Structure formats: C-alpha cells, structure tokens
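Q: sequence unknown, structure follows:
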Ligand code: GDP
Ligand code: MG
C-alpha cells in the first residue's frame, strides 16, 4: 500500500517461460520499451522487466516480468523461479515444432509446482511467436485444440518483431489476473481456451 489513504499498489509476478530462442526476452523488451533488436544476450538465470500500470484511479500494478533462459524446466530451479507467480506466459515459436510440444511440458511443470493462494491454477496463456515468418507448424485450429487439451486460459499467434498481439495479450492476462486478485479465494475454474485475437477490445495497458 502507498501512503495515500485508499490508493494501493499491487505487485503481480508474471513468468515468461518457454524453450530457448522462442523470443521471450524480445517479448519483454517489446512490451516494456516498445523496442525490437535482432539479437539479445543469452539470458542467464533470470532477467527482470518491470512495468508500472495505473489500473484504476486507486490501483497501481507493479508488474514484474520474470524472463528465464528456458533450460530450467530440466532443473530444480523452476520451483524457485515460480514461487509467488500470479500469471504466466508460455511462449513457443510457430516455426519450430519442438517448441510447441514443449509448451505442454512447461504448462505441466508450472501446474505441478505452482498455484494461486486459493489453490487454483496460475492464469496462463500460450503465445505462438514469429508469426511474421513462413512455414508455420500449427494451424489456428490445432493451437486451439492444443490449448483446450492443456488447459491454457487463452492463446494467440503473435509477432514480437511486427508488434502484433503483444500489448493485447498482456492486457488480457492482466485483466484475468486482476479478476483473480479481486475474487481472491473463489474457486472458479477457467472454462475453455479463448482466441485472444477476438478479444482485443478490453482495456489496454
Ligand atoms: P529467448 O531465448 O526466448 O529469450 O529469445 P530471444 O528474445 O533472445 O529471441 C531469439 C531470436 O528470435 C532473436 O534473434 C530475436 O530477434 C528473434 N525473434 C524474437 N521474436 C521474433 C519475431 O516475432 N519474429 C522473428 N522473425 N524473430 C523474432
Ligand atoms: Mg532470453
């Protein structure tokens, strides 16, 4: 809480996970700085991104993005990184089939090691990046089925390079996290996966 009476600051930790090279660091940089570079230093351990969002007249969100290298799924470190996460973005590269398959393993790992304080799953969306490139390895229909099967809250194709669906996806996730934050303790489950591209009218941050 800040010192100004009713105003509150809400800290939300969001994990950005997925195989190496799918574009996680690029995604964080695009979302926070609206920049895109062809190369980023290999993420070692964890990088942090921070964004302050005035969510309502009385609420400020301090959004922490935890961007991990992508090899941690095979180590015990994930448990440390996942601690207290309130939301998650799992990324894959639509041009690399293995990274799509891995997204299911990342989701399983997340749900095994982490949950919200009310014991419901951490809100998690799937973002299939590099949509600007040719030779996609999953159709929209396949992605939709994949997300339902693995209990993702929503999914979207995305291009960090072309700045396509970056802000909109995070905005959707934020909205779901805030809904969870406010209903704190309710046991409602997410129904079925949503195609984020049809959900771009909500408040953008
Ligand atoms: P990370 O290992 O998951 O953090 O991936 P990086 O953010 O380091 O990106 C890996 C590579 O993919 C870099 O060369 C990026 O420039 C590239 N990249 C990231 N997003 C996109 C995208 O949307 N389209 C294309 N074509 N390349 C991208
Ligand atoms: Mg990285």
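A: Now that the structure is in, tell me what you want to look at. Since this is a predicted model, take the numbers as computed values, not measurements. Ligands and ions are numbered 1, 2, ... in the order given.
Q: so residue 62 touches residue 14, yeah?
A: No - applying CB atoms under 8 Å, one finds residue 62 not in contact with residue 14, separated by 11.1 Å. No exception for glycine: its C-beta is placed from N, CA and C like everyone else's.
Q: ok, the two, which is more surrounded?
A: residue 14 (24 against 13; other CB atoms under 10 Å).
Q: Hmm, residue 88 and the more buried one touching each other?
A: Yes - the pair residue 14 / residue 88 is scored as a contact, 6.5 Å apart, by CB under 8 Å.
Q: so how far is ligand 1 from residue 181?
A: For residue 181, the distance to ligand 1 equals 27 Å [CB to the nearest ligand atom, to the nearest Å].
Q: Quick one: residues contacting the nearest residue to residue 32 once chain neighbours are set aside.
A: Among residues not flanking residue 32 along the chain, residue 49 sits closest, at 4.8 Å (CB to CB, 6 or more residues apart in numbering). Each residue near residue 49 by CB atoms under 8 Å, 6 or more residues apart in numbering is listed here: 28, 29, 31, 32, 64, 65, 67.
Q: Helix or strand for residue 49, just tell me which one.
A: If you go by DSSP states H and E, residue 49 is part of strand 46-56.
Q: Point out the residues in the chain that sit beside ligand 2.
A: Contacts of the chain with ligand 2, taken as CB under 5 Å from the ion, map to 24, 25, 43.
Q: Repeat the analysis, applying 8 Å as the threshold.
A: 20-21, 24-26, 40-43, 47, 67-70 (CB under 8 Å from the ion).
Q: out of those residues, which is most surrounded?
A: residue 24 (29 neighbours).
Q: so how far is residue 94 from that one?
A: Distance of residue 24 to residue 94, given as CB to CB, to the nearest Å: 14 Å.
Q: likewise residue 47?
A: Taken as CB to CB, the span from residue 47 to residue 94 is 23 Å.
Q: Could you find the closest non-adjacent residue to residue 114?
A: residue 82 (4.1 Å).
Q: so that neighbour sits right up against residue 110, yeah?
A: Yes - using CB under 8 Å, residue 82 makes contact with residue 110 at a distance of 6.6 Å.
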